[in-house]
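Engineer: Make a model of this:
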Amino acid sequence: MDTKLFAQSTEGEWVELGQGNRRRVILHTDELMLVEFAFEKDGIGAPHSHPHVQASYIAEGRFEVTVGEQTQVLSAGDSFIAPSGVVHGVRALDAGRLIDSFTPHRADFLK
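Structural biologist: As a prediction, the model looks like this:
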């Protein structure tokens, strides 16, 4: 089996996304990907959509999250799902971190 099954918190290369925001791929298979996003206060995850189903967990901070036509403020311990093809985005109300899972994996994050 060549699939990596475990990851340490010190692993994974951070990719700078601009405005103090960054991401790192934690683990992935063809079917599933786990990614950590770090946001500075007032950082934006611009509204976008993709064919992947995304489930996100707020690990730290507070975020204004919009999925489709619905917007809520979520805090550490909360979560949301962005269905395939639905426009979604976030705004960091505090510095914070999201743990996102994608199915299938985001090939564009591996380039």
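Engineer: mind checking pLDDT for the residue most central in space within the chain?
Structural biologist: Closest to where the C-alpha atoms of the chain average out (Cα atoms, centre = their mean) is D100, at 3.7 Å. For D100, the model assigns a pLDDT of 98.
Engineer: For it, give its distance to D2.
Structural biologist: 24 Å (Cβ to Cβ, to the nearest Å). All C-beta atoms are positioned from the backbone trio N, CA, C, and that covers glycine.
Engineer: Make sure F39 is actually in contact with V65.
Structural biologist: No. Between F39 and V65 there is no contact under Cβ atoms under 8 Å: 11.8 Å.
Engineer: Which one's more surrounded, the two?
Structural biologist: Using other Cβ atoms under 10 Å, the more surrounded residue of F39 and V65 is F39, with 26 against 22.
Engineer: That one - nearest residue in space that isn't next to it in sequence?
Structural biologist: Nearest non-adjacent residue to F39, counting by Cβ to Cβ, 6 or more residues apart in numbering: A92, 3.8 Å away.
Engineer: quick one: common contacting residues for F39 and V65?
Structural biologist: Common contacts of F39 and V65, defined by Cβ atoms under 8 Å, 6 or more residues apart in numbering, comprise V90.
Engineer: partners of the residue nearest to F39 in the sheet?
Structural biologist: For A92, the beta-bridge partners are F63 (DSSP bridges).
Engineer: Read off the pLDDT value for it.
Structural biologist: 97.
Engineer: Tell me, how many residues neighbour Q8?
Structural biologist: Using other Cβ under 10 Å: Q8 sits among 7 other residues.
Engineer: do the same with G43
Structural biologist: If we define neighbours as other Cβ under 10 Å, then G43 has 23 of them.
Engineer: Is the nearest residue to G61 once chain neighbours are set aside bridged to anything, and to what?
Structural biologist: Spatial nearest neighbour of G61, excluding adjacent residues (Cβ to Cβ, 6+ apart): G96 at 1.9 Å. The partner list for G96 in beta bridges (DSSP bridges) reads F39.
Engineer: which residues does the closest residue to R106 other than its chain neighbours bridge with?
Structural biologist: Distances taken as Cβ to Cβ, 6+ apart place M33 nearest to R106, at 5.5 Å, with adjacent residues excluded. Beta-bridge pairing of M33 under DSSP bridges involves H28, F102.
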